[in-house]
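Engineer: any chance you can model this:
(chains A and B)
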Amino acid sequence: AQSVTQPDIHITVSEGASLELRCNYSYGATPYLFWYVQSPGQGLQLLLKYFSGDTLVQGIKGFEAEFKRSQSSFNLRKPSVHWSDAAEYFCAVPNTGGFKTIFGAGTRLFVKA
Amino acid sequence: EAQVTQNPRYLITVTGKKLTVTCSQNMNHEYMSWYRQDPGLGLRQIYYSMNVEVTDKGDVPEGYKVSRKEKRNFPLILESPSPNQTSLYFCASRLQGPNSPLHFGNGTRLTVT
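Structural biologist: Numbering: from 1, shown residues only, chains lettered A, B, ... in the order given. A predicted model of the protein is given here:
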């Protein structure tokens, strides 16, 4: 069965520092992969997605993610974090039939001044 | 504005008192789904609908009902709420196809006492 693992429950970074959030998936074939962000009191918003082709994908708000098939990973990165990036981040993959999206448990990002 | 609208945002009720959480989308999406979000567990799917009059169980359907009489609406019904259904609920929609991202409502925080 497909699964998504986000190893870090929470991460704290200083404003201006770089960020990497980890995501590992279990899937039989090349999956569609998504990162969503949830700001406090809000629903989830799509940051970026990977379908095929270039393994480095760009998203909104200066985020990018790299698909590495050999490591079954899809880590999210940002070169310089802003205080407004404090939120919870979810990695997700659809199941084989495409009728369900499987989410990781989420990583909460804290940004310190 | 393209959006998914959930109501109410906050709801406090007592055990056994039937309630309905409404969800409406204006993007003509075929697929709609309900999730609950609990700390440390990420998002878990309750029910989904691939199209009008087509609904199916997700991972945690017990204690919930849904209906899809119109394309735009997908209400979540709790016939006899219990305290273990205290949670944050999200409705989401997307186009057909697993490569389409989900669009989320802003959530409904339900407390059952």
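Engineer: which residues does the spatially most central residue of chain B bridge with?
Structural biologist: Chain B has residue B:34 as the residue nearest its centroid, 2.9 Å off, counting by CA atoms, centre = their mean. Beta-bridge pairing of residue B:34, defined through DSSP bridges, involves residue B:47, residue B:91.
Engineer: measure it to chain A for me?
Structural biologist: The gap separating residue B:34 from chain A is 12 Å, by CB to the nearest CB, to the nearest Å. For the C-beta atoms, the positions are set from N, CA and C on the backbone; glycine is no exception.
Engineer: now residue B:4
Structural biologist: The span separating residue B:4 from chain A equals 7 Å under the rule CB to the nearest CB.
Engineer: any weak-confidence spans in chain A?
Structural biologist: A:28, A:30 (pLDDT under 70).
Engineer: try 90
Structural biologist: A:1-3, A:26-31, A:40-43, A:51-54, A:94-100 (pLDDT under 90).
Engineer: chain B contacts on that one?
Structural biologist: Applying the criterion CB under 8 Å from any CB of the partner chain, the portion of chain A that neighbours chain B consists of A:9, A:32, A:34, A:36, A:41-46, A:49, A:51, A:90, A:94-95, A:98-101, A:103-106.
Engineer: as a check, name the ranges of all strands in chain A.
Structural biologist: Per DSSP state E, chain A has strands spanning A:3-5, A:10-14, A:19-21, A:24-26, A:33-38, A:44-50, A:56-58, A:64-68, A:73-78, A:87-94, A:101-103, A:107-112. These are given in chain order.
Engineer: now do chain B
Structural biologist: Listed from the start of the chain, chain B has strands (DSSP E) covering B:4-7, B:10-13, B:19-25, B:31-38, B:42-51, B:54-57, B:65-66, B:76-78, B:87-94, B:103-104, B:108-112.
Engineer: near chain A, anything from the second one?
Structural biologist: Which is strand B:10-13. No: shown here: strand B:10-13 not in contact with chain A (CB under 8 Å from any CB), separated by at least 10.6 Å.
Engineer: strands paired with that strand, and their directions?
Structural biologist: strand B:108-112 (parallel).
Engineer: would you mark the buried spots in the partner strand?
Structural biologist: Counting neighbours by 16 or more other CB atoms under 10 Å in any protein chain shown, one finds that the buried residues in strand B:108-112 are B:108, B:110, B:112.
Engineer: could you pull up the residues touching the last one?
Structural biologist: For residue B:112, the set of contacting residues under the criterion of CB atoms under 8 Å, 6 or more residues apart in numbering or on different chains consists of B:13-15, B:81-86.
Engineer: next one: the first one
Structural biologist: Applying CB under 8 Å, 6+ apart to residue B:108 gives the contacts B:6-11, B:21, B:88-90.
Engineer: alpha carbons of stretch B:21-37, as PDB, please.
Structural biologist: Provided in PDB are the C-alpha atoms of stretch B:21-37 (Å, rounded to 0.1, in the frame of the first residue of the first chain):
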ATOM      1  CA  VAL B  21     -21.500  20.300   7.800                       C
ATOM      2  CA  THR B  22     -22.000  21.800   4.300                       C
ATOM      3  CA  CYS B  23     -19.500  22.000   1.500                       C
ATOM      4  CA  SER B  24     -19.900  23.800  -1.800                       C
ATOM      5  CA  GLN B  25     -17.500  24.400  -4.700                       C
ATOM      6  CA  ASN B  26     -17.900  26.700  -7.700                       C
ATOM      7  CA  MET B  27     -15.200  25.200  -9.900                       C
ATOM      8  CA  ASN B  28     -17.400  22.500 -11.600                       C
ATOM      9  CA  HIS B  29     -15.100  19.800 -10.100                       C
ATOM     10  CA  GLU B  30     -16.300  16.200 -10.400                       C
ATOM     11  CA  TYR B  31     -14.300  14.900  -7.400                       C
ATOM     12  CA  MET B  32     -15.000  15.900  -3.800                       C
ATOM     13  CA  SER B  33     -13.800  14.500  -0.500                       C
ATOM     14  CA  TRP B  34     -14.000  14.900   3.200                       C
ATOM     15  CA  TYR B  35     -11.000  14.700   5.500                       C
ATOM     16  CA  ARG B  36     -10.500  14.900   9.200                       C
ATOM     17  CA  GLN B  37      -7.300  16.300  10.700                       C
END
